[in-house]
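A.B. asks: From the sequence below, what's the structure:
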Amino acid sequence: MLAYRHAFHAGNHADVLKHLVLLSVVEYLTHKETALLYVDTHAGAGAYRLDAGYANQNKEWQGGWQRLEAALGSEKTGAPALDRFLEAVKEFQASLVNPAMYPGSPVLVRRILRPQDYSVLCELHPTDHEILEDYFRGDRRVQVHKADGFRTLKGVLPPTSRRGMVLFDPSYEMGDDYTRLPAALDVSLERFATGCYLVWYPKIERPEAKNLPNHLERVAEKAGRPWLQAELSVATPVPGQLGMTGSGMFVINPPYVLADELRTALPVVQEILGPEQGEWLVIR
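C.D. replies: Residues are numbered from 1 along each chain as shown. Okay, the predicted model is just below:
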């Protein structure tokens, strides 16, 4: 697990889907004045340089963020979730001396959180943890832990404000992620049933990955909580083929506006990122 670096995949099609959903949820949850807790179980390095280092090796961002931005430019699409995402990334890049950077989930969320809100960010990789800690140094709203995100949840849930959200975004390179995640989610719902939980998962030709959404659905239904599943694929899977053809987001206790926002945004994204073999879905 500690060999995994999200920088290899920064700004790819999976990041686009994940951040579309994430920003929509945060935007909705910050409408109420009460303080909001944001927990990221696998926070990564915070932000990623696209023109050098790991991200520049496979250049996955060229088929994700760059293709989307090149196709849409600065025009409004009429899809609030998509416009929100595009604006957030561009604002982040415009604030930097080197704009060839892509923001990770913690950075995007921080740009929306208010003074009363706070974040708990977990990252085990020593290098990424150090970068993440430096990035948020001095921000009293943010706690950065070199810790196992699944285990950390017991110590931070439920929040004192009784309002919070958790992003589960493991690498899935360790096989036990597929079992540990549903178990951690189950325990979290027992402790904090009304929290909003977001799970990112890959679409790959692996039984554990294919079965994960069903496991998550059973966890949600056991807790008696509503859920939403959204997927974006950019290619048709081929049996035995390696590589990720798409990804999904499973959200427990989703905002009521989320399904409609995604049904407006994902057709536009799919047509740009996977015009021939891509597909999208939103189920709730």
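
A.B. asks: For stretch 92-99, list every residue counted as buried.
C.D. replies: For stretch 92-99, a neighbour-count test (16 or more other CB atoms under 10 Å) marks 92, 93 as buried. The way it works is simple: take the backbone N, C-alpha and C, and place the C-beta from them, glycine included.

A.B. asks: err, stretch 271-284, not the other one
C.D. replies: Buried residues in stretch 271-284, counted by 16+ other CB under 10 Å: 272, 273, 274, 278, 279, 280, 282.

A.B. asks: Please state the backbone phi and psi of the fourth one?
C.D. replies: The one in question is residue 278. Dihedral angles of residue 278 (phi, psi; degrees, to the nearest 10) stand at phi -80, psi 170.

A.B. asks: distance of it from residue 248?
C.D. replies: Relative to residue 248, residue 278 is positioned 13 Å away (CB to CB, to the nearest Å).

A.B. asks: overlap in contacts of those two?
C.D. replies: Counting by CB atoms under 8 Å, 6 or more residues apart in numbering, the common neighbours of residue 278 and residue 248 are residue 232.

A.B. asks: from the buried residues of stretch 271-284, which ones fall inside helices?
C.D. replies: Among those, the members found in helices (DSSP state H) are 272, 273.

A.B. asks: Which parts of the stretch 51-200 of the chain are strands?
C.D. replies: In the stretch 51-200 of the chain, the strands defined using DSSP state E, counting those that start in this stretch lie at 101-103, 118-122, 142-145, 164-168, 196-203.

A.B. asks: Quick one, which of the ones you listed gets closest to residue 252.
C.D. replies: strand 196-203 (4.3 Å; CB to CB).

A.B. asks: on that earlier part again, with distance to residue 80 added, can I get the strands of the stretch 51-200 of the chain in a markdown table?
C.D. replies: Below are the strands of the stretch 51-200 of the chain laid out as a markdown table (distance: least, CB to CB, whole Å):
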| stretch | distance to residue 80 |
| --- | --- |
| strand 101-103 | 19 |
| strand 118-122 | 24 |
| strand 142-145 | 27 |
| strand 164-168 | 19 |
| strand 196-203 | 18 |
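
A.B. asks: Include mean pLDDT when you put these into a markdown table, please.
C.D. replies: Formatted as a markdown table, these follow (pLDDT from 0 to 100):
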| stretch | mean pLDDT |
| --- | --- |
| strand 101-103 | 94 |
| strand 118-122 | 98 |
| strand 142-145 | 97 |
| strand 164-168 | 98 |
| strand 196-203 | 97 |
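
A.B. asks: Show the contacting residues for the spatially closest residue to residue 195 that is not a sequence neighbour.
C.D. replies: With CB to CB, 6 or more residues apart in numbering as the criterion, residue 195 has its nearest non-adjacent residue at 4.9 Å, and that residue is residue 164. If you count contacts by CB under 8 Å, 6+ apart, residue 164 has them with 36, 37, 38, 39, 157, 158, 192, 195, 196.

A.B. asks: now that we have these, which one has the most neighbours?
C.D. replies: The most crowded member of those, judged by other CB atoms under 10 Å, is residue 38 (28 neighbours).

A.B. asks: what's across from it in the sheet?
C.D. replies: For residue 38, the beta-bridge assignment (DSSP bridges) gives partners residue 119, residue 165.

A.B. asks: for the strands of the stretch 51-200 of the chain, which one sits closest to residue 111?
C.D. replies: Proximity to residue 111, assessed across the strands of the stretch 51-200 of the chain by CB to CB, is greatest for strand 101-103 (8.0 Å).

A.B. asks: Could you tell me what pLDDT the model assigned to the nearest residue to residue 99 once chain neighbours are set aside?
C.D. replies: In space, residue 99 comes closest to residue 93 once its chain neighbours are excluded; the distance is 4.1 Å by CB to CB, 6+ apart. pLDDT for residue 93: 94.

A.B. asks: Out of the strands of the stretch 51-200 of the chain, which is closest to residue 87?
C.D. replies: With CB to CB as the criterion, residue 87 lies closest to strand 101-103 of these, at 12.1 Å.

A.B. asks: That closest one pairs with which strands, parallel or anti?
C.D. replies: Strand 101-103 is paired, per DSSP bridges, with strand 47-49 (antiparallel).

A.B. asks: So which residues make contact with the strand it pairs with?
C.D. replies: With contact meaning CB under 8 Å, 6+ apart, strand 47-49 is reached by 6-7, 10-11, 54-56, 92, 98, 100-104, 107, 135.
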